Every structure is written in structure tokens, then in C-alpha cells.
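> What shape does this take:
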Amino acid sequence: MRGLKSTYRRNGTLNLFAALNVATGEVRKKTIKTMTRIDFQSFMDEVVKDASADQEIHVILDNYATHKRNDDWLRATRT
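Below you'll find the model as predicted:
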């Protein structure tokens, strides 16, 4: 029996970030080869930048490693 590792080969699989505008149904999406916290925050910076000043943004994060420890980013983007 071969030993199992906690990492695996991705074989070219891309990652998808998506943001839904519930008022319009528009989905903003971005595919990337890596999935780091920096990638995620960069995507979210684009979402925040393009939002109008009076628009509320609700961020839902699961417990995936990329989504953990974003409290500093969330505090910095709050107005």
C-alpha cells in the first residue's frame, strides 16, 4: 500500500474566484493557477474598487486555508 500525502498533483486544474451581485445577477469571476491569500485579496480588491460608494459588500468565507486570516484585510477595506 502506497502512503498518502496531504498534498496532491493538480494536473493543470485552475482555481475560480467568483463574486455575485445579487441585485443584478452579474457574476464577476477570475480563474488563476495558484490559490493563495494574496490571490484572493487581490481579487477582492478589484471587487471593492469597482463597487459604488453606497454599495454594501458582504463577504462569505469558508474554512479553506486561503480564506483564513483575512481579518486585517476586512478591517482595512471597511469604510
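> Quick one: list the elements packing against the helix ranked longest in the chain.
When the chain is parsed with DSSP state H, its longest helix is helix 37-50. Packing contacts for helix 37-50, counted by 3 or more CB pairs under 8 Å, 6 or more residues apart in numbering; DSSP states H and E, involve strand 15-20, strand 27-32, helix 71-77. Heads up, the C-betas are built off the backbone N, CA and C, glycines and all.
> Hey, what's the angle from the first one to strand 27-32? Just curious.
Per axes from the mean of the first three to the mean of the last three CA atoms, to 10 degrees, the angle that strand 15-20 makes with strand 27-32 is 170 degrees.
> burial count for the nearest residue to residue 29 once chain neighbours are set aside?
Closest residue to residue 29 apart from its sequence neighbours, by CB to CB, 6 or more residues apart in numbering: residue 18 at 4.7 Å. If you count neighbours by other CB atoms under 10 Å, residue 18 ends up with 11.
> So residue 18 is in contact with residue 26, correct?
No. Counting by CB atoms under 8 Å, residue 18 stays clear of residue 26, with 10.7 Å between them.
> on that earlier part again, turn the helices and strands packed on helix 37-50 into TSV, columns for mean pLDDT and distance to residue 39.
Shown next, in TSV, are these (pLDDT from 0 to 100; distance: least, CB to CB, whole Å):
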stretch	mean pLDDT	distance to residue 39
strand 15-20	88	8
strand 27-32	91	5
helix 71-77	81	12
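> Can you tell me which of the ones you listed is nearest to residue 48?
helix 71-77 (5.4 Å; CB to CB).
> Buried residues in the closest one, which are they?
Buried residues in helix 71-77, defined by neighbour count with 16 or more other CB atoms under 10 Å: 73, 77.
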